[in-house]
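*Asks:* I would like to see how this sequence folds:
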Amino acid sequence: MSLLAASLFATALVAPKAEAPHIAYQKIRHGRASYHFVLADLTSGFVSAKTVHTDGLTSPWHLIQDAQPSVAITGTFFAPQDGTPVADVLVDGQLVARGNRGSALGVDDQGNVHIWDQAFLRRVDWSGYRFGLRGGVRLIKNGRVCPNPRAQAFRDPRIWGRAARTGVGVTKHGKLVVMATMSNVTLSEFGRAMKSRGAVDALSLDGGGSTCLYVKGRMVVSTGRRLSNMFVVSESSVAAN
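*Replies:* Numbering: from 1, shown residues only. From the prediction side, this is the model:
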């Protein structure tokens, strides 16, 4: 081996591996359905999550334009007449909408995302959280796929039928799983797809005709509907302190 070849070989041995992206997007298949999947590393210090909301209804592009996120997905259910969310929406510590139904997702003061269940008609204590959504159907709890919308007092049969879906989950290492599909899937099928990507806790958000997912400048799942709230993920070039 020449000295030059030996030097190149030694350099290759010690060359650092390319770092994984803080926000990664894939289109995947699980079972017979296709899914759009985002994995965001909240532990990196470069990624943050929050909720955005507007009074009334507006184009998803307007919500995205105002927030300038890397990723945006449909938020909680809302009244189609005027856009009023049917459950809690917390924006920068302020409860801008109230409703006491379904599981909750909260972003705490340190930027960590938590998912938990709350009894029907019992209010959420949002102290310690900056952003949050309620009104989701629990999909995965402690690693087990377990949707039961009837037990959570959801009455609309379209929720547990086959439909396009959106969902958010967390992995055991604190990463964020964001997923959407335009395939007509059940809640259990959707939960299994999210579990296959590492989610140990997850909930389903508004779906059907409201299903929407934006990733890094492109609407990978588009809706013709106007929305009133979204859950968004942003990436910074500077780590948070």
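*Asks:* ok, which stretches of this structure are helices?
*Replies:* Under the criterion DSSP state H, helices of the chain are mapped to 3-14, 60-67, 187-196.
*Asks:* Compare those and say which comes out lowest on pLDDT.
*Replies:* Within the helices of the chain, confidence is poorest for helix 3-14, with a mean of 49 (mean pLDDT).
*Asks:* what sits against the nearest residue to Val38 once chain neighbours are set aside?
*Replies:* In space, Val38 comes closest to Val178 once its chain neighbours are excluded; the distance is 4.1 Å by C-beta to C-beta, 6 or more residues apart in numbering. (Glycine included, C-beta is placed from N, CA and C.) By C-beta atoms under 8 Å, 6 or more residues apart in numbering, the contact set of Val178 is Phe37, Val38, Leu39, Ala40, Val71, Ile73, Gly167, Val168, Leu213, Phe231, Val233.
*Asks:* JSON lines for those, including pLDDT, distance to Leu205 and neighbour count?
*Replies:* As requested, those are arranged in JSON lines below (pLDDT from 0 to 100; distance: C-beta to C-beta, whole Å; neighbours: other C-beta atoms under 10 Å):
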{"residue": "Phe37", "pLDDT": "98", "distance to Leu205": "15", "neighbour count": "22"}
{"residue": "Val38", "pLDDT": "98", "distance to Leu205": "14", "neighbour count": "23"}
{"residue": "Leu39", "pLDDT": "98", "distance to Leu205": "17", "neighbour count": "20"}
{"residue": "Ala40", "pLDDT": "98", "distance to Leu205": "16", "neighbour count": "26"}
{"residue": "Val71", "pLDDT": "98", "distance to Leu205": "13", "neighbour count": "24"}
{"residue": "Ile73", "pLDDT": "98", "distance to Leu205": "7", "neighbour count": "26"}
{"residue": "Gly167", "pLDDT": "98", "distance to Leu205": "6", "neighbour count": "27"}
{"residue": "Val168", "pLDDT": "98", "distance to Leu205": "7", "neighbour count": "29"}
{"residue": "Leu213", "pLDDT": "98", "distance to Leu205": "11", "neighbour count": "27"}
{"residue": "Phe231", "pLDDT": "98", "distance to Leu205": "7", "neighbour count": "27"}
{"residue": "Val233", "pLDDT": "98", "distance to Leu205": "14", "neighbour count": "24"}
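*Asks:* Read off the pLDDT value for the residue nearest to Val38.
*Replies:* For Val178, the pLDDT comes out at 98.
*Asks:* what about it, distance to Ile73?
*Replies:* Computed as C-beta to C-beta, to the nearest Å, the Val178 to Ile73 distance reads 5 Å.
*Asks:* Okay then, goodbye and thanks.
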